[in-house]
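Chemist: Provided below are the primary sequence and the corresponding predicted coordinates.
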Amino acid sequence: MPVFKSEEKLSPEYVPARLVHREGELTFLRTLFSSLRTGAAYHVRAVIVGSVGTGKTSLAKLFGRTLESEGFGERTRVIYTHLNCRINRSLFSVLRRIADHLGVATPRRGYSDQEVLENIMETLRRRDAHLVLCLDEADVLISEEGSDPIYFLTRAGEDIGEGGRISLILVLRDPDYVERLDPQTKSGLGGSTIHLKEYSREQLFDILKYRASEGFFEGAVDDEILDFIAEIGAERGDARYTIDILWRSGKFAEAEGAPRINPEHVRKAVASVYPTIRRENLSYLSRDETFVLLACAKSLTAGRTHVASSEVYDMYRILCEERNIISKGYTTFWENLQQLQDLGFIRITVKSEGMKGRKSLISLPSIPVNLLIEELMKGLKP
Ligand SMILES: Nc1ncnc2c1ncn2[C@@H]1O[C@H](COP(=O)(O)OP(=O)(O)OP(=O)(O)O)[C@@H](O)[C@H]1O
Ligand SMILES: [Mg+2]
């Protein structure tokens, strides 16, 4: 039984039809651009900032898609062009890409930026079209060429009396880049900035739930697994990383011919992104720490994502007994757990249990349990 229904829907380039928890931002963009829809052809500028994987590119592309399909008014056509400045690092290359997109012939040489722009404007005017240009990863363009390209594009056409034909969306990771622009360029951008915050664990869960429903067959991944992945991803708040873990987990399940993703597939997925298990790291552990880590791993074998610290303690005592070693008290055991967390082997989360108080849960998000047990056992051999 395969797990993937449409694997390509989990690829990083795929733009989903919906952006969970970004509905407000999408509406805000639409409102900003609504002045264009009323026919008062007027350029709009917007800046989208947010760290890695917060949905900037997807938000812009999804917005562009709806713009093109809806149009602005009776007559005016909207053309959305999305350019990545990591690939188009200069104004020269940006302008030529726009020209290509519009089908405007421009000689590769001998044309100034201004001339290419005039050709673009002329084409837009002829077709009665409005261009919405998104400069994605504009940090790269600004660090290569400073304010000039942005200034040039925000003023585009104003000199030729066609100020309304080009709107601009700047996408940046680092908000400081806006500060680095010269004051004139900055004011030309206007004050409409959309800040995308890192996703919380709950938001990542909802995103995963939606994306999993598109990518996987029903029953292939259950909520406990999605929540486990969301917890792992929450440290960064990065949807790309989190969806990547989901996809990789599916690949590990598929490779085993398993009908559904289990916690071990997730751990393998995380370990495959960042190999965290290093033999030399294990060899630095004290004997007590080694036993406590082994107890964590053994408690998590039967397809579990988390285990209560009290259960790990019981397991630890059994392991010590089996080897005729005197086990330590709970306080020392707890210190060992914290040390293991500091070293990045385990994660401790505290769960409130209402009146009953709090419970500490242990998970091993980044190391396949079976591999860890194998390595630890090697180290324990006399
Ligand atoms: N709210 C969301 N709902 C569903 N999927 C999302 C959401 N946000 C992001 N994604 C998905 O996460 C991945 C990363 O998103 P995106 O590429 O838009 O991030 P970004 O902010 O542009 O990151 P970067 O700074 O690295 O360019 C994409 O595959 C996207 O489809
Ligand atoms: Mg992006």
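Modeler: Right, received. Where do you want to start? Residues are numbered from 1 along each chain as shown. Ligands and ions are numbered 1, 2, ... in the order given.
Chemist: rest of the way, CA atoms for contacts and neighbours
Modeler: Fine.
Chemist: Can you give me every residue that contacts the closest residue to Arg236 other than its chain neighbours?
Modeler: Leaving aside its sequence neighbours, Arg236 sits nearest to Glu198 (Cα to Cα, 6 or more residues apart in numbering; 7.2 Å). For Glu198, the contacting residues are 50-51, 53-54, 236-238, by Cα atoms under 8 Å, 6 or more residues apart in numbering.
Chemist: Where does Glu198 sit: helix, strand or coil?
Modeler: coil (DSSP: H, G, I helix; E, B strand; the rest coil).
Chemist: Now do it against Val47, distance only.
Modeler: 17 Å (Cα to Cα, to the nearest Å).
Chemist: start to end distance for stretch 316-336?
Modeler: 11 Å.
Chemist: ugh, wrong one, I meant stretch 282-292
Modeler: Using Cα to Cα, the two ends of stretch 282-292 sit 12 Å apart.
Chemist: Can you mark which positions in that stretch are buried?
Modeler: 282, 285, 288-292 (16 or more other Cα atoms under 10 Å).
Chemist: Same check on stretch 128-143?
Modeler: 129-142.
Chemist: Report the distance from it to the chain centre.
Modeler: Mean-position distance between stretch 128-143 and its chain equals 21 Å (Cα atoms, centre = their mean, to the nearest Å).
Chemist: CA atoms only for that stretch, dumped as PDB, please.
Modeler: Only the C-alpha atoms of stretch 128-143 are listed here, as PDB (Å, rounded to 0.1, in the frame of the first residue of the first chain):
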ATOM      1  CA  ASP A 128      -3.500  48.200 -21.800                       C
ATOM      2  CA  ALA A 129      -1.800  46.000 -19.200                       C
ATOM      3  CA  HIS A 130      -0.500  46.600 -15.700                       C
ATOM      4  CA  LEU A 131       2.600  44.800 -14.500                       C
ATOM      5  CA  VAL A 132       2.900  43.600 -10.900                       C
ATOM      6  CA  LEU A 133       6.500  42.800 -10.400                       C
ATOM      7  CA  CYS A 134       7.600  40.800  -7.400                       C
ATOM      8  CA  LEU A 135      11.300  40.900  -6.600                       C
ATOM      9  CA  ASP A 136      11.800  37.800  -4.400                       C
ATOM     10  CA  GLU A 137      14.900  37.600  -2.200                       C
ATOM     11  CA  ALA A 138      15.500  41.200  -3.000                       C
ATOM     12  CA  ASP A 139      18.100  41.200  -0.200                       C
ATOM     13  CA  VAL A 140      20.500  39.900  -2.800                       C
ATOM     14  CA  LEU A 141      19.800  42.600  -5.300                       C
ATOM     15  CA  ILE A 142      20.100  45.300  -2.700                       C
ATOM     16  CA  SER A 143      23.400  43.900  -1.400                       C
END
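Chemist: now the residue in the stretch 151-300 of the chain that ligand 1 sits nearest to, what's its secondary structure?
Modeler: Per Cα to the nearest ligand atom, Arg240 is where the stretch 151-300 of the chain lies closest to ligand 1, at 3.8 Å. What three-state DSSP gives for Arg240 is helix.
Chemist: burial count for it?
Modeler: 18 (other Cα atoms under 10 Å).
Chemist: quick one: it and Gly53 touch, right?
Modeler: Yes. Counting by Cα atoms under 8 Å, Gly53 is a contact partner of Arg240 at 5.0 Å.
Chemist: need the residues of the stretch 51-200 of the chain near ligand 1, please.
Modeler: 51-58, 173 (Cα under 6 Å from any ligand atom).
Chemist: Since that was my last question, I'll sign off now.
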